[in-house]
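**Student:** pasting a predicted model and its sequence here:
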Amino acid sequence: MGRKIAIASISAGILLLIAAAVFMNVYNTAMAQKKDGHTEAIQRAEQETELKKAESAETFNGLEQYIVITGSDDSGKPVYVFVPSDKKKKPVLKLVSDGISEKEALEAVRSEQNPQKLISVQLGMERSVPVWEVKYIDDQNRYTYDLVQFTDGEIRKHIAIRK
């Protein structure tokens, strides 16, 4: 009887180790894909715009994919660079001071909508217009996202999906 328990325990332990290894592999692959192209996008932004120093890069998936780089230009001013995944399109550099902040984008949404739970706020580009994408759960328990124009804080698009 004790031998059966030992074999079952060892088998369960081995299965647990295999499951953990598979999970780690899937996780690492997913994280690598999330950062895929960031280094190349930064190099492209440095070559094709006035970006001098990159501080961070995030992938934005909207109608088109962009890598959005936060950094500074030749004169040290804070900038965002929107690098399209389509190599035929040119990166776009915007001074941070030329638009609204993440906090202001969230306030624009709060003034017109009723977000109950914030999911994320991310800078991106849609149809050549820089936008803040604000994702949240609204007061009707719907998964909602608003695109807020970077330049003036106007809500450009509002989509709500029932969960």
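**Tutor:** Now that the structure is in, tell me what you want to look at.
**Student:** and Val79, what helix or strand is that in?
**Tutor:** strand 78-84 (DSSP states H and E).
**Student:** contacting residues around the nearest residue to Asn141 once chain neighbours are set aside?
**Tutor:** Spatial nearest neighbour of Asn141, excluding adjacent residues (CB to CB, 6 or more residues apart in numbering): Lys163 at 6.0 Å. In short, each C-beta sits where N, CA and C put it, glycine included. Residues in contact with Lys163 (CB atoms under 8 Å, 6 or more residues apart in numbering) are 137, 141-143.
**Student:** quick one: mean pLDDT for the strand holding Val79?
**Tutor:** If you average the pLDDT over strand 78-84, you get 98.
**Student:** from the chain's centroid, how far away is that strand?
**Tutor:** How far strand 78-84 lies from its chain's middle: 14 Å, per CA atoms, centre = their mean, to the nearest Å.
**Student:** which outside residues touch that strand?
**Tutor:** Strand 78-84 is contacted from outside by 41, 44-45, 49-51, 54, 64-73, 90-97, 123-125, 130, using CB under 8 Å, 6+ apart.
**Student:** at 7 Å instead, please
**Tutor:** For strand 78-84, contacts defined as CB atoms under 7 Å, 6 or more residues apart in numbering pick out 41, 44-45, 49, 51, 64, 66-73, 91-96, 123, 125, 130.
**Student:** average pLDDT for the next helix-or-strand element following that strand?
**Tutor:** Note on strand 78-84: by DSSP H and E, the next helix or strand toward the C-terminus is strand 92-95. What strand 92-95 shows for mean pLDDT is 98.
**Student:** tell me what strand 92-95 is packed against?
**Tutor:** In terms of contacts (3 or more CB pairs under 7 Å, 6 or more residues apart in numbering; DSSP states H and E), strand 92-95 is packed against strand 78-84.
**Student:** let's see 10 Å
**Tutor:** helix 38-48, strand 65-73, strand 78-84, strand 115-126, strand 129-138 (3 or more CB pairs under 10 Å, 6 or more residues apart in numbering; DSSP states H and E).
**Student:** and this protein, what are its domains?
**Tutor:** 38-98, 102-162 (automatic domain parsing).
**Student:** a markdown table please, covering the ones you listed and showing distance to Ile5 and mean neighbour count.
**Tutor:** As requested, the domains of the chain are exported to a markdown table (distance: least, CB to CB, whole Å; neighbours: other CB atoms under 10 Å):
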| stretch | distance to Ile5 | mean neighbour count |
| --- | --- | --- |
| domain 38-98 | 49 | 16 |
| domain 102-162 | 46 | 16 |
